[in-house]
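Trainee: The following comprises the amino acid sequence and a computationally predicted model.
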Amino acid sequence: MDPIQIIQKFYKTDSKAYHLLVEHSRAVTKKALEICDRTSELKPDVEFIKEAAMLHDVGIFLTNAADLDCFGDKPYICHGYLGRELMENEGLSRHGRVCESHVGVGISLRDIENQNLPLPKRNMLPITLEEEIVCFADKFYSKNMEGEKSIEKIKSELLKFGVEKVEKFETWMSKFGY
C-alpha cells in the first residue's frame with residue numbers, strides 16, 4: 001500500500017494543503033521510525049507505522065483551516081474522526097484508528113462530554129503501541145513545519161488541556177526512552 005496514492009485521492013498534488021500534509025507526515029513518520037528503533041524490544045509493527053504515520057492527518061481537508069488551505073465545513077478538531085471515516089471507506093480500519101486517536105494525546109469520551117466537543121460520543125484514545133507511537137511522534141511537529149518542537153514546548157501546549165494530558169505524554173516519554 002502506498003500512502004501517497006491514498007492521499008492523492010483526496011488532495012490536488014499542486015495544492016498548499018497537499019504539500020503541508022505530506023511534509024508534516026514525512027516528519028512525523030521519521031520521528032515514529034526513530035521511536036521504533038528505540039523500542040525494538042516492544043516489537044512495533046514498523047511497516048504499519050510507516051503507512052499510518054503518513055495517513056494520520058488525511059482528514060484535514062474536510063475541516064475549516066484556511067491557514068492549511070483547507071476549506072471544509074467542520075472544526076479542525078474533527079480531522080481525526082473524519083480521517084478514520086475516510087480510511088474505513090478505503091478498507092483501512094486499523095489506519096483509521098490511528099487517524100482518530102492521534103489528536104492531542106487522545107480524546108476521551110469524558111473530554112468530549114465535559115467540553116461539549118463537536119465529536120462523536122466515544123473514546124478516541126490511542127490503545128495499541130502503534131497508535132501511541134504515531135500520536136507521540138506527531139506532538140513534535142506542527143503543520144507550519146517550524147522544526148521539531150522541544151519537550152518543554154510540547155508539555156506547555158498540552159497543559160492548556162489539563163495536567164493529565166502532560167502526564168500521559170510523560171508516560172510515553174518514559175516508555176519510548178525520552
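Mentor: That came through fine.
Trainee: got the residue ranges for the helices in this protein?
Mentor: For the chain, applying DSSP state H gives helices covering 3-10, 16-38, 46-55, 79-89, 93-101, 109-114, 129-138, 151-159, 163-175.
Trainee: of all those helices, which lies closest to residue 63?
Mentor: Residue 63 sits nearest to helix 79-89 of all these, at 5.0 Å, using CB to CB. Using the backbone N, CA and C atoms, a C-beta is placed for each residue, glycine as well.
Trainee: okay, the closest one in CSV with CA atoms only?
Mentor: In CSV, the C-alpha atoms belonging to helix 79-89 read as follows (Å, rounded to 0.1, in the frame of the first residue of the first chain):
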residue,chain,number,x,y,z
HIS,A,79,-10.0,15.9,11.4
GLY,A,80,-9.1,12.7,13.4
TYR,A,81,-12.5,11.1,13.2
LEU,A,82,-13.0,12.3,9.6
GLY,A,83,-9.8,10.7,8.7
ARG,A,84,-10.9,7.5,10.3
GLU,A,85,-14.1,7.5,8.2
LEU,A,86,-12.0,8.1,5.0
MET,A,87,-9.7,5.2,5.9
GLU,A,88,-12.5,2.9,6.8
ASN,A,89,-14.1,3.6,3.3
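Trainee: do you know how far the one residue sitting closest to the centre of the chain is from residue 35?
Mentor: When CA atoms, centre = their mean is applied to the chain, the residue found nearest the centroid is residue 102 (3.7 Å). According to CB to CB, to the nearest Å, residue 102 stands 14 Å off from residue 35.
Trainee: before we move on, what about residue 89?
Mentor: Between residue 89 and residue 35 the distance is 29 Å, computed by CB to CB.
Trainee: So for those two, which residue has more residues nearby?
Mentor: A side-by-side neighbour count of residue 89 and residue 35, using other CB atoms under 10 Å, places residue 35 first with 23 against 10.
Trainee: In contact with residue 97, which residues?
Mentor: With contacts defined as CB atoms under 8 Å, 6 or more residues apart in numbering, the neighbours of residue 97 are 84, 127-128, 131.
Trainee: measure it to residue 85 for me?
Mentor: Taken as CB to CB, the span from residue 97 to residue 85 is 12 Å.
Trainee: One more: residue 68?
Mentor: The spacing between residue 68 and residue 85, counted by CB to CB, is 19 Å.
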